[in-house]
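# I would like the atomic coordinates for the input below:
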Amino acid sequence: MRYIILLILSILIFSNAYSTHNRAGEITYRQISQLTYEITITTFTYSQSPADRPDLEVKWGDNTTSIVQRVVKTSLGDNYNKNVYIGEHTYPGSGTYEIIVEDPNRNYGVENIPNSVNVVFSIKTVMLINSEVGYNNTPVLLNPPIDKAAKGKIFIHNPAAYDADGDSLAYRLGICTGENGEDIIGYELPEASNVIFIDSLNGDLIWDSPVEVGIYNVAIVIEEWRNNIKIGKIVRDMQIEVIESDNNPPIIDAFEKFCVVVDSTLIFEVNASDSDNNIITLTGNGGPLYLNDSSAVFEQPKIGQGTVSQTFTWNTNCSHVRRQPYQVVFKAKDDDDEVELVDIENAEILVIAPPIENIQTEATNNAVHLTWDTCSCSQATGYFIYRKQGLANYIPANCITGVPQWTGYERIANVEGFESLNYIDNNDGRGLAQGYVYCYIITAYFDDGAESIASAEVCTELVKGIPVITNVSVRNTDNIEGSMFVAWSKPTDFDTIAAPGPYKYLIYRSEGMWGESLSLIDSLPQINDTIFVDTLINTKEKQYSYKIEFYNDETGNRFLIGTPQVASSMYLKLVSSDNQISLDIDKNVPWLNDTFIVFRQNALIMEFDSIGITSTLPYVDTGLKNGATYCYKIESLGRYITDGFIDPIINFSQYTCGSPLDNVSPCSPNLILTSLCDSLKNALTWNNLNDSCADDVLKYNIYYSSSISGELELIATLNNANDTAYIHVPEESMAGCYLVTGVDSVGNESSKLSRTCIDNCSYYDLPNVFTPNNDGQNDFFIPGPYNFVEKIDIEIYDRWGVLMFKTQDPDINWDGRNMETKKIVPDGVYYYVCDVYEYRLTGLEPRTILGFVHVLSGKQINAE
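Below is the predicted model of the structure:
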């Protein structure tokens, strides 16, 4: 009976091992409606195994399961079967779902999965259902995972993932999963002589190189990204069999990146060679080969002896435009008798839309009307409008779409709709400023974010049909009798038939620089009256802005012809600091200021002298005396870009006064800490700040904290700037943090943000011998002198591991007796483990001491 049972068990074990068959697999899906999906499960199994799965159970991720049937079983050769199962499922609502399929029949003997025959084979896919993301289909993996590897030879596999939605794909290596899709405990990547990794962009799995023969499994994680949002992932669990062989894999010549404008034909050669002169089979896989509309052509398989070449041809059209490049994965496989090895090479192909053509502009006095022809690709869903002041002379480089930021162009509008072919640029209702050249570029955009090549630049100037302000300049600075010079350039290009005159300017003023509370203050009745002096205003304390409206003032036919942008005066602001004053201005003007002249009042003659010229503000006037009064004003020189205006445009700010003051803290001293362990002191030294970054430091403050995060407390003040050393005697611990600050003559103190810390000296040491013989000398095992120890936890063992003594007393005071027998232990070596709890910088921390001590009492160990 015993032998019969053993025989039955042996048969069962053999049968179980023999029936294992699952080598690889993945789950993909296709969205049918808002909540309904078609799921495809693809597995690759060992064809010689008697185990077979005509159906599989699917865990849908919404707490439901169902059985899906196999719809096709295909032999791939080399003992591989491909099995395809298809099922349909409707989800209850939006959310993230993890689809899991399990099969108990994982292959026996997988080297990097412990006890693999008893580990469930599982694959999973994560889907995101979200109406804001839109419909989504996973990529399909076009390359089956059936390639083998040779020990010591580089191995490459690429799943040839194709995402018909054009989503961005990112690749990484994951962990193979078992029951319930959980990571397999003990799983690790196969060992490599150099490296094993996956290219995150193109999906090349590179194993350089296998170290040992055997069967290995890896998990390739493919993430889908759309508009910077991860919308799903699929995992391919695949098996790699490593064979001992002298065969060398073939080599495919590398490709450059291809870029093609629609309606062009892409043609390139794919060449492979084999150093062993084996027969090579060349194949290709990728999205362009499977398109419904004008798919690429690559006749395959192409077979050659030692070398092989084949032509790839693709007649592109508008349906091929997308943001992400297409990928075609070419594989060369030899026919060596020991193991057929492969090489993989990727061709990246970007298909782009041509530029928009026939852009026309029609300018008014404050806007530009743009029109253009439809994009030659009807799949475009709208147009982007870019604007720049001035010509950029931008010509797109090969394969560059959109408009790069470095050109200076700014995207100002998104015109939705393929047939929407006009746009009025009025600066979002604020009106464009006169005096500039406005240049435009237009591109078409597509649903997935693809953008066409940039159009040619078109430029225009506004029609000068309105008054254009040129001056808002302070004439007199006073809080009551201040005055402002306001001037403008008269309109020269407007419809005099519709507006025959007479004409009138209405002048509006507002406090502040944005014209937020404009009110009518005056009018001028002649078109050539372009100067106005505003009086009795507070130019000393306030800033003003102005607007000029231009009217046809004919009786019975009075109407507004146009109005320019608001322009403000320059308002000078001073910021005082140590021996200096910083000058800046607030302004809102439509012209371009490129030069500023700074004037300071001469205290002797009370006239303003020029002290500096700059193209940028703020301007810093240095070398001043603290407490003295200085008065300034600024003159600006500006211009409009187009012709027909005064050049330069000159305006003045008000004048204002200020006094430098010492509000600058001294720099922080460079502190050096030294522990004087023998005397339990900390020595502080630092540099004299008056020799480096200051000239009026009077004293130093010294701050201390016993911990890194503790609050710093003032412990000393040295009232002599030449005293740059201090000795501190801590009360509880030498560990602590210090900060030294300098204080100047007006009380400014250095920054307190940075502290310097030092830890305790390690004092607690144990001797390596003692003599418990009651002679009054060295009778106890005790530490040397110590400080800052809260407690210890020591255990002392003999050489057989028997505990002799233990205590938490830092003084230990072991008299050499066995704690159980109370007798003196025999002479010999005893080992200890001692955890010392010391006050450190971060608080009370344990430090472990491992060592031994010789016990010499005169008592010998009995012979065994």
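# Can you give me the end-to-end span of stretch 468-482?
End-to-end distance of stretch 468-482: 24 Å, with CA to CA, to the nearest Å as the criterion.
# In that stretch, which residues are buried?
468-474, 476-477, 482 (16 or more other CB atoms under 10 Å). Where C-beta positions appear, they are placed from N, C-alpha and C, glycine not excepted.
# if we look at the strand or helix carrying K699, which residues are touching it?
Assigned by DSSP states H and E, K699 belongs to strand 697-705. Residues outside strand 697-705 that contact it (CB atoms under 8 Å, 6 or more residues apart in numbering) are 666, 669, 684, 686, 688-690, 711-721, 723-724, 726, 728, 730, 736-745, 749, 752, 755.
# Just the CA coordinates for that strand, please, in CSV.
Presented in CSV, the C-alpha positions along strand 697-705 are these (Å, rounded to 0.1, in the frame of the first residue of the first chain):
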residue,chain,number,x,y,z
VAL,A,697,29.6,96.4,14.3
LEU,A,698,29.7,97.1,18.1
LYS,A,699,28.9,93.8,19.7
TYR,A,700,28.1,90.1,19.3
ASN,A,701,25.2,88.2,20.7
ILE,A,702,25.7,84.4,21.4
TYR,A,703,22.6,82.1,21.3
TYR,A,704,22.4,78.5,22.4
SER,A,705,20.0,75.5,22.1
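# Show me what it pairs with in its sheet, parallel or antiparallel.
Partners of strand 697-705 in the sheet, by DSSP bridges, are strand 713-718 (antiparallel), strand 736-744 (antiparallel).
# And the shortest one, what's buried?
Just to be clear, that refers to strand 713-718. L718.
# next helix or strand past it?
Following strand 713-718 in sequence, per DSSP H and E, is strand 725-728.
# What strands line up against that next one, and which way round?
strand 681-685 (antiparallel).
# residues in contact with the strand it pairs with?
By CB under 8 Å, 6+ apart, strand 681-685 touches 671-676, 702, 724-730, 734, 736, 738, 740, 758.
# let's see 10 Å
Strand 681-685 has contacts (CB atoms under 10 Å, 6 or more residues apart in numbering) with 669-676, 700, 702, 704, 716, 724-730, 734-736, 738, 740, 756, 758.
# Report the buried members of those residues.
Buried among the contacts of strand 681-685 by 16+ other CB under 10 Å: 669, 671, 673, 675, 700, 702, 704, 724, 726, 728, 730, 734-736, 738, 740, 756, 758.
# in the stretch 701-850 of the chain, which segments are predicted with low confidence?
In the predicted model of the stretch 701-850 of the chain, no residue satisfies pLDDT under 70.
# thinking again about what came up before, right, and the strands paired with strand 697-705 - which one's nearest P50?
strand 736-744 (73.0 Å; CB to CB).
# In the stretch 201-350 of the chain, mark out all the strands, start to finish.
205-210, 214-226, 229-243, 251-252, 258-261, 265-273, 279-286, 302-305, 307-315, 326-334, 342-352 (DSSP state E, counting those that start in this stretch).
# export the ones you listed to CSV and tack on mean pLDDT and mean neighbour count?
Formatted as CSV, these follow (pLDDT from 0 to 100; neighbours: other CB atoms under 10 Å):
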stretch, mean pLDDT, mean neighbour count
strand 205-210, 95, 21
strand 214-226, 96, 21
strand 229-243, 95, 21
strand 251-252, 97, 19
strand 258-261, 96, 18
strand 265-273, 98, 16
strand 279-286, 96, 22
strand 302-305, 97, 15
strand 307-315, 98, 17
strand 326-334, 96, 24
strand 342-352, 96, 22
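# Ok, which of the ones you listed comes nearest E38?
strand 229-243 (14.5 Å).
# now the angle from that closest one to strand 214-226?
With axes from the mean of the first three to the mean of the last three CA atoms, to 10 degrees defining the directions, strand 229-243 sits at 160 degrees from strand 214-226.
# angle of strand 229-243 against strand 205-210?
30 degrees.
# export strand 229-243 as CSV, just CAs?
Listed next in CSV are the C-alpha coordinates belonging to strand 229-243 (Å, rounded to 0.1, in the frame of the first residue of the first chain):
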residue,chain,number,x,y,z
ILE,A,229,-2.9,62.7,-17.0
LYS,A,230,-2.3,58.9,-16.6
ILE,A,231,-5.4,57.3,-18.0
GLY,A,232,-4.5,53.6,-17.7
LYS,A,233,-1.9,50.9,-17.9
ILE,A,234,-1.4,47.4,-19.1
VAL,A,235,1.1,44.8,-18.0
ARG,A,236,2.7,42.2,-20.2
ASP,A,237,4.1,39.3,-18.2
MET,A,238,6.5,37.5,-20.5
GLN,A,239,8.9,34.6,-20.3
ILE,A,240,12.4,34.6,-21.7
GLU,A,241,14.3,31.3,-22.2
VAL,A,242,18.1,31.6,-22.0
ILE,A,243,20.1,28.9,-23.9
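# Pick out the residue closest to the middle of the chain.
N228 (11.4 Å; CA atoms, centre = their mean).
# Could I get the contacting residues of that residue?
So N228 contacts S168 (CB under 10 Å, 6+ apart).
# So which of the buried residues of stretch 468-482 sit within strands?
Counting by DSSP state E, the buried residues of stretch 468-482 place 468-474, 476, 482 in strands.
# In terms of pLDDT, where does the nearest residue to D584 once chain neighbours are set aside sit?
Of all residues not flanking D584 in the chain, P618 sits nearest, at 4.0 Å (CB to CB, 6 or more residues apart in numbering). At P618, the pLDDT value in this model is 97.
# Tally up the residues packed near P618, please.
When neighbours are counted by other CB atoms under 10 Å, P618 registers 14.
# That one: what's it in contact with?
By CB under 10 Å, 6+ apart, the contact set of P618 is 573-575, 581-585, 596.
# Max pairwise distance over those: which two?
V575 and F596 (16.1 Å).
# More neighbours: which of those two?
F596 (23 against 13).
# and N180, that one's in a strand?
No. Membership of N180 in a strand is not supported by DSSP: H, G, I helix; E, B strand; the rest coil, which gives helix.
# and it, how many residues sit next to it?
N180, neighbours per other CB under 10 Å, totals 12.
# Please list all residues in contact with the nearest residue to it once chain neighbours are set aside.
With CB to CB, 6+ apart as the criterion, N180 has its nearest non-adjacent residue at 6.8 Å, and that residue is I100. Contact analysis of I100 by CB under 10 Å, 6+ apart lists 27, 57-61, 65, 122-126, 177, 179-182.
# now do 6 Å
Each residue near I100 by CB atoms under 6 Å, 6 or more residues apart in numbering is listed here: 59, 122, 124, 181.
# Same check on R558?
Contacts of R558 by CB under 6 Å, 6+ apart: none found.
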